[in-house]
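Novice: My questions are about this predicted structure, shown below with the sequence.
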Amino acid sequence: MSKRGQVMIFVLVALVVIAAIIILLLIRSPQEEDRPTTFPTAELENAIETCIEENARGAINKLKSQGGFLNEEDAPLGILEVDSDQGIIYRTAYGFKEGRSNIISNEGLTFQIERYVDETLPRCANLERPGYTIQGSPQTTASLSEEQLSLVVSYQVTLKKGEASARTKELYEKTISTQIEEMRRTAEIVARSQEENEGLLDLAETLSTELNIQLVPINEQNTIFIIYSSEGKPGFTFASEAST
């Protein structure tokens, strides 16, 4: 066979191979385009639901043990820290100091819970997913009654992958049983009693409260007050400094 004939055969084979590749691509491309992009929206929604409750409970526990303040710089009368060989025993805000009381308000508690949930929710839910662009930020509204914390969290997450996108649901509602508001009001009664009686405690007034109160003397000046829940569990804690 001449060289020219060999070249023609090679060219024909190459054309056949190229034509076959093009045909395969044309056949497969519509299938790939029709294949829908899947998004883990249900998985993210479940994670968000779980984290809302976990983070809210975490905020409640910190607020109870720290005199109603998550950050010590927010406590107007400062913080009392009590150490031992084993570490910190108490680290809580003053509710009475320098002759005046300052127990956090109901609104102050709810504001801190809202801020805490908003700041910690994206990290807790672990929203990062390989191959996806995720956008969204939470906005929490909280209200406290004597027996429960009610939360409404607006947090719609948008997921993008290439040109496709999807969204999670927007609103999450959660109710958590807690007596932190009743404990806070009891602490307020105790601190105001001290303010009105020049640092002394009106036992008749404090005994009128429904929750039990424990006094833990720290030294000649400082006392820790612990307000117990109706179930007898240690709850809201705050410090008191005797007037000099």
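Specialist: Cool, got the structure. Here the structure is a predicted model, which means the values were calculated and not measured.

Novice: In this structure, mark out all the strands, start to finish.
Specialist: Ranges of strands in the chain, per DSSP state E, are 79-84, 87-97, 100-101, 133-135, 139-144, 148-154, 158-161, 164-167, 171-177, 213-217, 222-228, 234-241.

Novice: center of the chain - which residue?
Specialist: Nearest to the mean C-alpha position of the chain, by CA atoms, centre = their mean, lies Val117 at 2.9 Å.

Novice: Might one say that that one is in contact with Ala59?
Specialist: Yes - assessed by CB atoms under 8 Å, Val117 is found in contact with Ala59 at 6.8 Å. Quick note: C-beta positions are derived from backbone N, CA and C, even for glycine.

Novice: Can you check which residues contact both of these two?
Specialist: The overlap between the contact sets of Val117 and Ala59 (CB atoms under 8 Å, 6 or more residues apart in numbering) is empty.

Novice: Sketch out the low-pLDDT regions of this structure for me.
Specialist: 1-20, 23-37, 84-88, 201-208, 243-244 (pLDDT under 70).

Novice: 50 instead, please
Specialist: Counting by pLDDT under 50, the chain has low-confidence residues at 29-33.

Novice: can you give me the helices for it?
Specialist: Counting by DSSP state H, the chain has helices at residues 3-34, 41-65, 106-125, 180-196, 203-207.

Novice: Which residues are in contact with Leu200?
Specialist: Gln194.

Novice: Check the gap between it and Gln194 for me.
Specialist: Per CB to CB, to the nearest Å, Leu200 is found 7 Å from Gln194.

Novice: go on, Leu70?
Specialist: Counting by CB to CB, the gap from Leu70 to Gln194 is 24 Å.

Novice: These two: who's more crowded?
Specialist: Taking other CB atoms under 10 Å, Leu70 and Gln194 do not tie; Gln194 has more neighbours (25 against 17).

Novice: Would you pull up how far stretch 181-193 lies from the middle of the chain?
Specialist: Distance of stretch 181-193 from the chain centroid (CA atoms, centre = their mean, to the nearest Å) equals 25 Å.

Novice: List of residues touching that stretch?
Specialist: Under CB under 8 Å, 6+ apart, the answer for stretch 181-193 is 64, 68, 95-96, 101-104, 106, 109, 144-147, 201-202, 205-206, 209-211, 213, 225, 227, 229, 235-236, 238, 240.

Novice: ditto for stretch 158-168
Specialist: 36-37, 39-41, 44-45, 48, 129, 131-136, 155-157.

Novice: Whichever of the residues you listed end up buried, select them in PyMOL.
Specialist: Command for PyMOL that selects the buried part of those, burial taken from 16 or more other CB atoms under 10 Å:
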select buried, resi 39+40+44+45+48+132+136+155+157
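
Novice: Please tell me I have it right and Gln179 contacts Glu146.
Specialist: Yes - contact criterion CB under 8 Å: Gln179 and Glu146 qualify, at 6.8 Å.

Novice: Pick out whichever of these two has more residues nearby.
Specialist: Gln179 (25 against 13).

Novice: Contact partners for that one?
Specialist: Contacts of Gln179 (CB under 8 Å, 6+ apart): Glu146, Glu147, Leu211, Ser229, Ser230, Gly235.
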